[in-house]
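Trainee: this is a predicted model, with the sequence first.
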Amino acid sequence: MIPRGQGVDTIAVTAVLIAYNWPKNTDRYRRVQKFVDTFFPRISEFQRPPRHVKWREVNLAAVLPGWKRFEPAEAWIRDQQPVPSQVSQSTPLDKRSSDPRIQDEALFQEFLRWRGARQGN
């Protein structure tokens, strides 16, 4: 459909889960904290079948410029980071860091390999 060598402008839409910044020591703050404490540890369950494949794209550590992450969520993410000695060269790039720029680079490289295979390169 698209002639070789020509491109098509595209846009990407990202879904974001946002909660109001309730004051600490309030019931609503505790409710959001309870959600984080319950949902975040189970995200890998959502990323497996029979759940929708879009769950596999979820990156809890993604940064949304200009927004502050809910403190209990930030603490959970920080606690999940491997100690540097636990990371080896054999660890896939997208598993080494929660930095979305690194993950995006790995995904882009995977796309380039896929595209090359489809084009017979």
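Mentor: Alright, I've got the coordinates.

Trainee: can you map out the helices along the chain?
Mentor: Taking DSSP state H as the criterion, the chain carries its helices at 27-39, 43-46, 71-80, 93-96, 100-118.

Trainee: may I have the second one exported as PDB, CA atoms only?
Mentor: Think helix 43-46. Coordinates of the C-alpha atoms in helix 43-46 are reproduced here as PDB (Å, rounded to 0.1, in the frame of the first residue of the first chain):
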ATOM      1  CA  ILE A  43       0.600  -7.000  37.100                       C
ATOM      2  CA  SER A  44       2.400 -10.100  35.700                       C
ATOM      3  CA  GLU A  45      -0.800 -12.100  36.100                       C
ATOM      4  CA  PHE A  46      -2.500  -9.600  33.900                       C
END
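
Trainee: what sits against residue 60?
Mentor: Under the criterion of Cβ atoms under 8 Å, 6 or more residues apart in numbering, the contact partners of residue 60 comprise 40, 43, 73, 76, 77, 98. To be clear about C-beta, it is placed using only N, CA and C from the backbone, and glycine gets the same treatment.

Trainee: if we can go back for a sec, and the helices of the chain as TSV, adding distance to residue 62 and mean neighbour count?
Mentor: Below are those laid out as TSV (distance: least, Cβ to Cβ, whole Å; neighbours: other Cβ atoms under 10 Å):
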stretch	distance to residue 62	mean neighbour count
helix 27-39	15	14
helix 43-46	12	11
helix 71-80	10	14
helix 93-96	13	14
helix 100-118	5	12
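
Trainee: now the ones you listed in TSV, with mean pLDDT?
Mentor: Output for the helices of the chain, formatted as TSV (pLDDT from 0 to 100):
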stretch	mean pLDDT
helix 27-39	97
helix 43-46	94
helix 71-80	94
helix 93-96	47
helix 100-118	73
